[in-house]
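*Asks:* Model the following, please.
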Amino acid sequence: MKIAPFLTFVGNQCGKAEEAIRLYTSIFPNSEIKSITKYQEGEAGDTPDLIKYGVFTLNNIEYKVSESNYQHAWSFTPAVSLFVDCTTENEIDILFKELSSNGGKIMIPLDNYESENYGFGKKFGWCEDRFGISWQLNLLE
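*Replies:* Numbers count the residues shown, from 1 in each chain. Modelled structure (predicted):
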């Protein structure tokens with residue numbers, strides 16, 4: 001059995017999946033785009049510039065992705081986030097900056113645990129990137 005996160009870009013995020021996975025694979029080590037299959041003319045979805053099915057890895061963990069231009073009643077939510085354990089302060093600082101910039105949103109500022117300790121590690125922050133994906137970044141002790 002194999003389990004992988006599956007990200008479906010809908011609504012305002014539809015059409016941004018390829019940009020998102022190119023960003024993610026550029027900032028995380030041991031990452032690559034394995035495949036991108038786009039819709040064909042006349043196929044359900046009928047938008048050849050959208051991703052029908054894609055596979056990419058972030059630090060050797062596989063993710064799957066698609067886009068849908070149908071009017072869905074859902075999108076990404078912070079209730080489900082990607083949790084990243086970082087091993088250096090430089091790593092967490094760079095990732096947090098890259099993910100929260102250019103239209104992203106900071107939900108919990110990246111900070112040392114001087115005033116707040118969430119129990120995960122010695123530095124923690126939570127952000128949403130410009131594509132609507134929620135990230136929790138944690139510096140291991």
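*Asks:* what ranges do the helices span in the protein?
*Replies:* Secondary structure of the chain by DSSP state H: the helices cover 17-27, 89-100.
*Asks:* quick one: least confident helix or strand in the chain?
*Replies:* Using mean pLDDT, DSSP states H and E, strand 105-112 stands out as the lowest-scoring helix or strand of the chain, at a mean of 88.
*Asks:* for it, packing partners?
*Replies:* Packing partners of strand 105-112 (3 or more Cβ pairs under 8 Å, 6 or more residues apart in numbering; DSSP states H and E): helix 89-100, strand 123-128. Heads up, the C-betas are built off the backbone N, CA and C, glycines and all.
*Asks:* can you list contacts of the last one?
*Replies:* Right, strand 123-128. 78, 81, 89, 92, 96, 99-100, 104-113, 118, 134-139 (Cβ atoms under 8 Å, 6 or more residues apart in numbering).
*Asks:* Whichever of the residues you listed end up buried, select them in ChimeraX.
*Replies:* A single ChimeraX command is used to select the members of those judged buried by 16 or more other Cβ atoms under 10 Å:
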select :81,92,96,99,100,104,110,134,135,136,137,138,139
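*Asks:* Need the residues that contact stretch 102-115.
*Replies:* 78, 92-93, 96, 100, 122-130, 134, 137.
*Asks:* In TSV, list the helices of the chain along with mean pLDDT and distance to residue 53.
*Replies:* As requested, the helices of the chain are exported to TSV (pLDDT from 0 to 100; distance: least, Cβ to Cβ, whole Å):
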stretch	mean pLDDT	distance to residue 53
helix 17-27	98	10
helix 89-100	96	24
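*Asks:* got those helices as a markdown table, with distance to residue 2 columns?
*Replies:* Output for the helices of the chain, formatted as a markdown table (distance: least, Cβ to Cβ, whole Å):
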| stretch | distance to residue 2 |
| --- | --- |
| helix 17-27 | 19 |
| helix 89-100 | 25 |
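*Asks:* so which of those helices gets nearest residue 71?
*Replies:* In terms of Cβ to Cβ, the element of these nearest to residue 71 is helix 17-27, at 17.4 Å.
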